[in-house]
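>>> below is the sequence, then the predicted model.
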Amino acid sequence: MKAVASSGAVRWLRFAGLLLTLLLVHIASAQDVSAPRHKQSQWQAYSGDYQVSGRWGIHFDGGWREMTASGWQQWLVRPGVNLALAPRTRLQVTYSHFKAHPAGIKWDTKSLPEHRLHQQISYYSPLGRLRLEHRFRAEQRFFGPEFERKGLDSGWMQHRLRYLAGLRVPLQRPNQTCASCYARLYNEVMVRLRNAGVSRFEQNRVFAGLGFRPASHWGIESGVFYQRFVPQLGADREHNLVLYTTVSTQLDLRAMFRR
């Protein structure tokens, strides 16, 4: 009975992912935005997941974003909680503090604070030697009074939906001892649910990179993603190339917490 229920949940997730992808693509294609701008940047990030008790764990990630074609930089911190719903399915709830630049590359003043809550379900499944990845995320973005003074006429909170579909490809043969290298591809689409005259489509990221896991508890991944982006203040559309590097750790701390 449990196997049947699990199989049904997997089929539902795949079907929901297909419907959401079609919806987001339709919304993105319907937007009328201004002429594009371009920039290059590099993002460095850390992501850690720590199992503390049974199916529960804690999460922390943070990042630094260097905008090479602009006079400002970005950083964020994001703590949260994980809950394993099944061996390949995880629920995550986090809070993040973010230094925002609502007009994108044209934002030439100091950054403005933004607070975010997000809830996400991530799921992966094997496909032969490959691994399929899905991530559904809902975000609530809380803006301070500084945003209204700068002309962000969307109230004090904005909702955003994100969907990521990815593929991980091992780069070694099954009989080789090195099982730590892989290639990763993904496509992520983000849309605003409350746009107040701004494009509902916000962003699309298409990533290609390489990963290396010398041990089961840590790894590094680096690559480039193409970013199509419409800033919150309705500024010019941006088409950017981002060099993205992430160091990740996964540790079991249940002995420390005696669970």
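Cool, got the structure.
>>> who's H134 bridged to?
Y123, A165 (DSSP bridges).
>>> pull the number of nearby residues for it.
21 (other C-beta atoms under 10 Å). (Glycine included, C-beta is placed from N, CA and C.)
>>> likewise M256?
10.
>>> now S122
18.
>>> can you tell me how far the nearest residue to it once chain neighbours are set aside sits from Q172?
For S122, ignoring the flanking residues on the chain, the nearest one in space by C-beta to C-beta, 6 or more residues apart in numbering is R135 at 4.5 Å. R135 is 26 Å from Q172, where distance means C-beta to C-beta, to the nearest Å.
>>> looking at these two, which one has more neighbours?
R135 (19 against 13).
>>> so that one touches L164, yeah?
Yes - contact between R135 and L164 holds when scored by C-beta atoms under 8 Å: they sit 4.1 Å apart.
>>> returning to that earlier point: what residues are up against the residue nearest to S122?
Q120, I121, S122, Y123, R162, Y163, L164, G166, E188 (C-beta atoms under 8 Å, 6 or more residues apart in numbering).
>>> closest to S222 among those residues?
For these, the minimum distance to S222 (C-beta to C-beta) is 15.4 Å, reached by G166.
>>> what helix or strand is the residue nearest to the closest one when sequence neighbours are not counted located in?
Nearest residue to G166, sequence neighbours excluded (C-beta to C-beta, 6+ apart): Y186, at 3.3 Å. Taking DSSP states H and E as the criterion, Y186 maps to strand 181-192.
>>> quick check: next helix or strand after that strand?
strand 201-215.
>>> do a quick rundown of the strands in the stretch 51-200 of the chain.
Assigned by DSSP state E, counting those that start in this stretch, the stretch 51-200 of the chain shows strands spanning 56-67, 73-86, 89-100, 112-127, 130-143, 157-170, 181-192.
>>> save these as TSV, and put in mean pLDDT and distance to R200 too.
TSV is the format used below for these (pLDDT from 0 to 100; distance: least, C-beta to C-beta, whole Å):
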stretch	mean pLDDT	distance to R200
strand 56-67	88	24
strand 73-86	90	23
strand 89-100	90	19
strand 112-127	90	18
strand 130-143	92	14
strand 157-170	91	10
strand 181-192	94	5
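>>> Provide the strand pairings for whichever strand or helix holds Y50, with the direction of each partner.
Here Y50, judged by DSSP H and E, is contained in strand 37-53. Sheet pairing for strand 37-53, assigned by DSSP bridges, gives strand 56-67 (antiparallel), strand 238-252 (parallel).
>>> if we can go back for a sec, show me what the strand holding Y186 is packed against.
helix 2-29, strand 157-170, strand 201-215 (3 or more C-beta pairs under 8 Å, 6 or more residues apart in numbering; DSSP states H and E).
>>> could you check how far the residue nearest to S122 is from H239?
Taking C-beta to C-beta, one finds R135 at 23 Å from H239.
>>> okay but G48 is in contact with G62, surely?
No - judged on C-beta under 8 Å, G48 makes no contact with G62 at a distance of 9.3 Å.
>>> between R135 and L164, which contacts overlap?
E188.
>>> could I get the contacts of R135 as CSV with distance to L210?
Conversion of the contacts of R135 to CSV gives the following (distance: C-beta to C-beta, whole Å):
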residue, distance to L210
Q120, 25
I121, 27
S122, 21
Y123, 23
R162, 24
Y163, 24
L164, 18
G166, 14
E188, 18
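>>> what sits up against stretch 55-63?
43-52, 75-85, 92, 94.
>>> now do stretch 201-214
So stretch 201-214 is contacted by 24, 27-28, 30-31, 160, 166, 168, 171, 180-192, 219-230, 232, 242, 244 (C-beta under 8 Å, 6+ apart).
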